[in-house]
Each structure stands twice: as structure tokens, then as C-alpha cells.
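Trainee: Quick one, what's the 3D model for this:
(2 chains)
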Number of protein chains: 2
Amino acid sequence: MAEFPFQISAIDGHARTGKLATPRGDIATPAFMPVGTAGTVKAMFLDDVRSSGTDIILGNTYHLMLRPSAERVRKLGGLHRFMGWTQPILTDSGGFQVFSLSELRKMKEEGVEFRSHIDGSAHFLSPERSIEIQSDLLGSDIAMQLDECVANPCEHALAAAAMRLSARWGERSKAYFGARDTQALFGIVQGSTYSDLRTESAQRVVETGFDGYAIGGLAVGEGHKAMCDTISLTVPLLPKERPRYLMGVGKPIDILEAVACGVDMFDCVLPTRSGRHGQAWTWDGPINLKNARHAEDDQPIDASSLCPASRAYSKAYLNHLFKAGEYLGPMLLSWHNIAFFQAMMAAMRSAITEGRFEAFRSEMHSRWSGSAEGQPG
Amino acid sequence: MAEFPFQISAIDGHARTGKLATPRGDIATPAFMPVGTAGTVKAMFLDDVRSSGTDIILGNTYHLMLRPSAERVRKLGGLHRFMGWTQPILTDSGGFQVFSLSELRKMKEEGVEFRSHIDGSAHFLSPERSIEIQSDLLGSDIAMQLDECVANPCEHALAAAAMRLSARWGERSKAYFGARDTQALFGIVQGSTYSDLRTESAQRVVETGFDGYAIGGLAVGEGHKAMCDTISLTVPLLPKERPRYLMGVGKPIDILEAVACGVDMFDCVLPTRSGRHGQAWTWDGPINLKNARHAEDDQPIDASSLCPASRAYSKAYLNHLFKAGEYLGPMLLSWHNIAFFQAMMAAMRSAITEGRFEAFRSEMHSRWSGSAEGQPG
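Mentor: Purely as a prediction, here's the structure:
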């Protein structure tokens, strides 16, 4: 493994801020990683992703192995060159999408057989094949071990079996990954919402030893409180000196709470997905630009933002674009939302550095609890 | 009328180059106007439309009057402010779309009643109402008179009646438009492919007197040769000192031939529409990025282009984006195509200025006649 240097510059309560150094650039933490599922952050130019304050993006192994295929991406120079992103990329293992999107799955100790949701073609993913795809073919900077994901709620016995299989797959992932100078490998804690399983999982993953530690299996139906409880329980079991990554999370309020627990990295499709559907996230909560009340509102979403998408277009215009089904609506709101999420991460980093994270957190709670259009999913 | 100053700086054969001055900026001619149907040039940021060399865009009265409505655009500060474009805008009269898109049309001398293709609501468009929408409510820089459009082929009697109605509507448009300091009005020559009707129409429109003269009713089924013949016939009947605008045209080869006849302005949805469907226009003809032969081609569409969309993304990546149905495919090819069309217009202007337009035209003919993937529609 590479053990990318991780320097924590300030701690405030359990929250912390710092910098994860990679050969392709530094990642300021807590960090939000926009999701570039199929080699593109949907409806955005990468220049705008970058200038919005993004240090690292996420690529989906499942989607890329099916289309255009990992071998083709390799032939075309790897994922960075293929999509034109020069900063760090983290790839997931493919496991989560195999369990949520693919058809006709067949689980074995060796790995998982499945059929593509795109064309029904047969594929096989093992811990070794996942690392081969991520690190050798796509060439991502941070790879994730393959794990078995369960939905919540999940019976204890099933959650235990999936967690232990994931632990064994973590050992195999590490063995295949071996020693690399410029790439890192993260392990994943599973165990659903069971504290005994999370504890066992964390111990086994830490014992195996990775460059960073992820908390998986959350934001899959357990609700905000169970999510927070599980994070609070798990984070103290992970090494202080390595980055902690909460996978697939989330809403601003979820990210805020997880940062308060000491989480360093996040990814979620929410800003781009909800942007494509007319929803803008703001300091005063989410608003839906399709709502008729915006149809004659000449004001932009956020006149004080540095982001052109937030500042230079009226809500009335955005309302019109969504009503008319124009591309520019999703383009602008995806950009706005990514810029908002990154501004929120930057605000959290500053608050931690300046020792006022609790005040920031409480301010955000009071703003977001009373937001006009609710806190949608 | 405003009679925007039009200065012709060079003539080469019948082709000419110059500058049409408007209060919102100069328009280098021959000019191509990207179409911003519903207040957006589809799938593009206006900064990229502008930096691609666009001096003027076109807005569609029909679409805007139905959604969000001309009155709402007025309330929001006019079309320029609404969509965030500070350069000139030409609006069409709405006539063409009423005849091609709307339902339950009822033609009268007074105007046309129709129902919206969006929600079935009833509307009325007369020469006066069209100018009111274009010049008073949307606030465009150049308005077009309302005309009756016929499809080709069209019987002589029908074409004659529509042309004469259009001529009367032109007089009413001018009367309603009156004298304005900062806005211009163009008349339209109709008459299908009949030389006697085109001649009569041109005489009547010129007699009425406008700031510029459009050739309408082409690119509607008559074919390339009939289009060229009609243009050759009509252009000499129009005043040399005012701009000539060929409406709704077209393919690069059509634009090239019309410039050779002395046409100064063009608009067409082709670059953005075909871009959304995977087609890129190039100096060597059109190519379809969905074609499997591009799937492993690491080269960009045009490495020598100034446009990032043309230069910085491989054909393999574009092929992947279109196969995966990603927004970024249409975003990049719309941008590339607008940049290509504007580069082509700039090349024609230079060739005319330097007295080598015929050599340029012949070079383009030889390139485009043998293009690998044909000259699609």
C-alpha cells in the first residue's frame, strides 16, 4: 500500500480537518467527492466541478466495467485520461451496484456472478478482479475492497455472514493489491446497525490494515438516527491517524453530523441527481425550482455565491427551464448543488480550524430544520 | 425603423462580408445565428455560445409566447435579461412554428388562431400582435414580420395566396412597428419555388421597405438545387445596401452556396439538434460519434480547434457518452458544432476579404462531397 500522508491540522470536539496528500494532488478534509458514475459527473463540465472546490471525484467500477469496459478504458490510457480529470479519483469496488442494480446474482466465497442490467451479459467480480479493474485497468488513486452490502433492516445472522465475508474479501483485496507507490487501498466496515457486528468488523478491518477506513452499509434504509448511532459507535474503533470515509452519504444534515463524529470523506449522487430533478440545496435548506412560487422570482438562488450557476440566473428562469424540459436546467442545478456542497465542506473546515464547529453545527440545524420546502430525500 | 448601419467591407463574386451595427453590438457577416428556441441554446452555456464566435442568437416567438409567455418575460426584464445574453437577439415572428407545430389552426386575413401543442390553450397571432410580442414584450433587437409559410411542394395558387397575404401582413407589421431607435424590422420574401411569385414578393417587400430582407419558405422540402435556384433568383431583387437573411438554413453546404449568392445571415437548429443526436460537423464532413468505429479512437474531433469540446475529448469518450446516454455527450457536441459553424463563417469572411472565396468554396466542395459518413439531414 501507499499510505498517502494524512495530516490533521485541527480538531474540534470529534470533528477534524486536514489534508490527504496523493500523487495527483492534495485533498482537503472533510472532503465531498462528486460521483462520476460512468466517467462523467452527470450534466457537468469537469472544469466546473474542479472550480467549485472539488479535490477528488468518485468513479463507479460496476458501470465502467460494463460500459465501455475496464479493458477499453485501460487501452485509452486509464480513467483520468479517458474522462479528462487530472486530480485524484476514488473508485468503489463495484459491490454496492452489483447488489442494487445487477440481475441474477450468484454469491460464492470466491466472488459474485451477475448479469449486466444494461445488456444481460454475464460478469464475475471477486476481490482480486475488483482491484485489478480499479487499480490496474482504470488506474484510480484510491481503490476500495470488495464487500457484500445488505439492505436495512437486515437480520443479525445475515448481517453477520455478509460482514464476515466482507472481512475475508478485505484480506484478499489487500493481498492482491500488494505494495504500490502511487495508489492506496481502503477497507470497509460493515455490520448493518448491530453494534456487536460493527465492533467485530472494525477490529478485523483494522487488523488487516488499510490506507484508509470506510464505513459502508449506511444510508440504505436505516434512517438518520440509526445512521448517526452507527457512525458514533464505529468511528472511535478506527485509527485516528488514517482517513475515515462514510460511503454514499448524503444529505447536508447527514454530512454535518458525520463530520461532528470525526468522518473525513463523503460521496453521494444527491447534489447531481436532485439537481437534475429541479432541487437546489441552499444555506436555508432545499428548494424545488419546479414549484410555481418561483415562476416570477427575479432573484438568483444565491446572489452571494461565487458560482455562476447560483448567482447569475433567476429562479424564474430556472423554473422555466425545468418546465420546458431544457438541458440547461439540470446543467445549472447540478453545478449549483456541487458548488453548494463544496462551499458547505469549506465552511465546515474553516469552522473546525477556528474552533467554532459546534456553533456552525447548531446554526445549520436551526436553518435546516425550518426550511420552507422540507428536507426531501 | 432603426436602419442599423450595415457596412460591406469586401465583395468577392456575389459573396460579401461586412458588419451590421446594432446598439447591443456588431454582427460580422456572413453571420450564423444559433437558435435559442425557448430562451436557451439547447445544452449550452451562453458563455460558450459567445466564445465560439457568436454575435447574435435567435429566439422563437411561438415557444416563448406559450411558455413562459411574453408578458412574463417582459415582467422579468425582457428576453436578454431573462436568459442572460447581452448581445443582439433576432426573434422570428412565430409564423413558421404556428404552421409546423400548433394544432387546430384557423387562418384569417386578420391573423391566425391556433392551439398550443403544449397544453391545448387557445392563442391568436396577428402581424401586430407578433411585433408587440417581439419588440415590446421580449424586446428583441431584430423582429421579423409575420408571414404565412407553406410546405414544398406547393401548388402555384396556394403559394401565391400565401405570398400575397404575407405581403399584406408585412405592410401591417411595418405600420405597427413604426419608428424605433434601437430595434429593427425585417421583411420576408415568400413564393415557394416559383420564380414569378418570388419576383412579385421581392418587389412588394422592397416597396414596403424594411431594415433587412429575409428569404423565407426554403429548406422545407424543396431540395438543395431548388433552394439554390430560388436564392440565386431572389437575392438580386433585394437592395444591395441592406442585410439579406436566409431563414432556417442550414447544412454547411447550403450556407456555403447561399453565401456565394450574396446572403449575409443564417439561422438553423442543425448544429445543436444534430449534436444532441451524436453528429459532429467537421472540415471533412459530418461524422456520427455513435458509430462503433469511433469506440477506441483516442483522437479528438479536431485537435487544431480553439474549442475545448472539439480538442480536449477523444472520439472514444464521446462514443461512450452517447452510448451511456449521458448529458455530457449532447453538451460537448452542441458546443463543438456551434464552434465549427462559427469557424466556418469566419473562414468564409476571411476568404471573401482576401478575394479567394471561390477557391475556398471549391475546396469545401471537394472535402464535403467525399466525406466518410455522408451528408445527413
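
Trainee: Using the record's assignment, carve chain A into domains.
Mentor: A:6-268, A:275-369 (automatic domain parsing).

Trainee: Throw those into CSV and include distance to chain B, mean neighbour count and mean pLDDT, thanks.
Mentor: Every residue, glycine included, has its C-beta placed from N, CA and C. Putting those into CSV (distance: least, Cβ to the nearest Cβ, whole Å; neighbours: other Cβ atoms under 10 Å in any protein chain shown; pLDDT from 0 to 100) gives the following:
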stretch, distance to chain B, mean neighbour count, mean pLDDT
domain A:6-268, 4, 20, 96
domain A:275-369, 4, 20, 97
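
Trainee: Out of those domains, which is closest to residue B:8?
Mentor: Checking the domains of chain A against residue B:8 by Cβ to Cβ gives domain A:275-369 as the closest, at 36.0 Å.

Trainee: how far does that closest one stretch from start to finish?
Mentor: 21 Å (Cα to Cα, to the nearest Å).

Trainee: do the same with stretch A:10-28
Mentor: First-to-last residue span, stretch A:10-28, Cα to Cα: 12 Å.

Trainee: neighbouring contacts of that stretch?
Mentor: Residues from elsewhere that reach stretch A:10-28, judged by Cβ atoms under 8 Å, 6 or more residues apart in numbering or on different chains: A:4-9, A:29-31, A:55-56, A:80, A:86-89, A:141-142, A:182, A:184, A:212, A:235, A:243, A:259-262, A:264-265, A:345-346, A:348-349, A:351-353, A:355-358.

Trainee: Can you pick out the ones from the residues you listed that are in helices?
Mentor: Filtering the contacts of stretch A:10-28 for membership in helices, criterion DSSP state H, returns A:80, A:259-261, A:345-346, A:348-349, A:351-353, A:357-358.

Trainee: Let me know the outermost residue of chain A.
Mentor: Distance from the C-alpha centroid of chain A peaks at residue A:296, with 35.4 Å (Cα atoms, centre = their mean).

Trainee: wait, that one sits on residue A:320?
Mentor: No - taking contacts as Cβ atoms under 8 Å, residue A:296 lies outside contact range of residue A:320: 10.3 Å.

Trainee: can you give me the helices in the stretch 251-377 of chain A?
Mentor: A:252-261, A:270-276, A:308-311, A:315-323, A:328-353, A:357-369 (DSSP state H, counting those that start in this stretch).

Trainee: partners of the most centrally placed residue in chain A in the sheet?
Mentor: Geometric centre of chain A, nearest residue: residue A:267, 1.3 Å, by Cα atoms, centre = their mean. Counting by DSSP bridges, residue A:267 forms beta bridges with residue A:33.

Trainee: ranges for the strands of the stretch 51-200 of chain A?
Mentor: According to DSSP state E, counting those that start in this stretch, the stretch 51-200 of chain A carries its strands in the segments A:57-59, A:89-91, A:103-107, A:112-115, A:122-125, A:142-144, A:184-189.

Trainee: With distance to residue B:365 as new columns, can these be given to me in a markdown table?
Mentor: Converted to a markdown table, those look like this (distance: least, Cβ to Cβ, whole Å):
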| stretch | distance to residue B:365 |
| --- | --- |
| strand A:57-59 | 45 |
| strand A:89-91 | 46 |
| strand A:103-107 | 52 |
| strand A:112-115 | 51 |
| strand A:122-125 | 49 |
| strand A:142-144 | 53 |
| strand A:184-189 | 57 |
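
Trainee: Residue A:66 is in contact with residue A:116, correct?
Mentor: Yes - the criterion here is Cβ under 8 Å, and residue A:116 meets it with residue A:66 at 4.9 Å.

Trainee: Could you tell me which residues touch both of those two?
Mentor: Shared contacts of residue A:116 and residue A:66, counting by Cβ under 8 Å, 6+ apart, come down to residue A:123.
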